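Colleague: Generate a structure from the sequence data that follows.
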Amino acid sequence: MAHDSLSTTVVVPDDAKELARLAKLFPVRDGETAWTAREVRDVADELAADVDRLSQELASADAELSDLLRNSGDGAGDDQADSGSSALEREQELTLVNNTRDMLGQTQHALARISAGTFATCESCGKAIGKARLQAFPRATLCVECKQREERR
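Modeller: This is a model prediction of the structure:
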């Protein structure tokens, strides 16, 4: 496969004591309760399921793109409208492949952050990302303030 760098498997510990130890490392914002081993397990399970799903989607999209590219060289009898339509279809499939690959990478990064004990810590300022934010979007790597600052650039 062309995306070997994304095929890295991150294993989050199953051991309840290790999950509890990791959960204690994850900061929370004022007013939030501390992470529990169960909450960490739930987020990790969701991310692992996403890795499986996205890997399958990526393989399928890669195959579809390969077929489109293989068939694009033919076109001797195509009129301009057919050629334009084929080019648009290839472009859309390429965008889908790239978006899926990015999402897979973000998901694997989130799992790696759980295993490393850095999950829930903003990669920009080092403060808590926020438990509620991560439960809604576990791929988040920035707190709301840093994300807003990034989007203004």
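Colleague: Could you give the number of residues near residue 138?
Modeller: 22 (other Cβ atoms under 10 Å). In this view, the C-beta of every residue, glycine as well, is placed from N, C-alpha and C.
Colleague: let me redo that: residue 11
Modeller: 10.
Colleague: now the one 5 residues further on
Modeller: Residue 16 is surrounded by 11 other residues when neighbours are defined as other Cβ under 10 Å.
Colleague: and if you look at residue 54?
Modeller: 21.
Colleague: so which helix or strand takes in it?
Modeller: helix 37-72 (DSSP states H and E).
Colleague: Give me the buried positions along that helix.
Modeller: Going by neighbour count (16 or more other Cβ atoms under 10 Å), the buried part of helix 37-72 is 37, 39-41, 43-44, 47-48, 50-51, 54-55, 57-58, 61-62, 65, 68.
Colleague: quick one: low-confidence parts of this protein?
Modeller: 1-10, 72-83 (pLDDT under 70).
Colleague: Leaving out sequence neighbours, find the closest residue to residue 110.
Modeller: Sequence neighbours aside, residue 139 is the residue nearest to residue 110 in space, at 4.9 Å (criterion: Cβ to Cβ, 6 or more residues apart in numbering).
Colleague: got the contact list for the one you found?
Modeller: Contact analysis of residue 139 by Cβ atoms under 8 Å, 6 or more residues apart in numbering lists 47, 103, 106-107, 109-110.
Colleague: Helix, strand, or coil at it?
Modeller: coil (DSSP: H, G, I helix; E, B strand; the rest coil).
Colleague: before we move on, the earlier item: list just the nearest of the contacts of residue 139 to residue 93.
Modeller: Of all the contacts of residue 139, residue 93 sits closest to residue 103, with 15.7 Å by Cβ to Cβ.
Colleague: The residue lying closest to the closest one once chain neighbours are set aside and residue 47: what is the separation?
Modeller: For residue 103, ignoring the flanking residues on the chain, the nearest one in space by Cβ to Cβ, 6+ apart is residue 54 at 5.7 Å. Distance, residue 54 to residue 47, by Cβ to Cβ, to the nearest Å: 10 Å.
Colleague: list residues touching both of those two?
Modeller: residue 107.
Colleague: Now do the helices in this protein.
Modeller: In the chain, the segments counted as helices under DSSP state H are 16-25, 37-72, 80-116, 131-136, 144-152.
Colleague: Quick one: those as TSV, columns for distance to residue 125 too.
Modeller: Formatted as TSV, those follow (distance: least, Cβ to Cβ, whole Å):
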stretch	distance to residue 125
helix 16-25	17
helix 37-72	21
helix 80-116	15
helix 131-136	14
helix 144-152	5
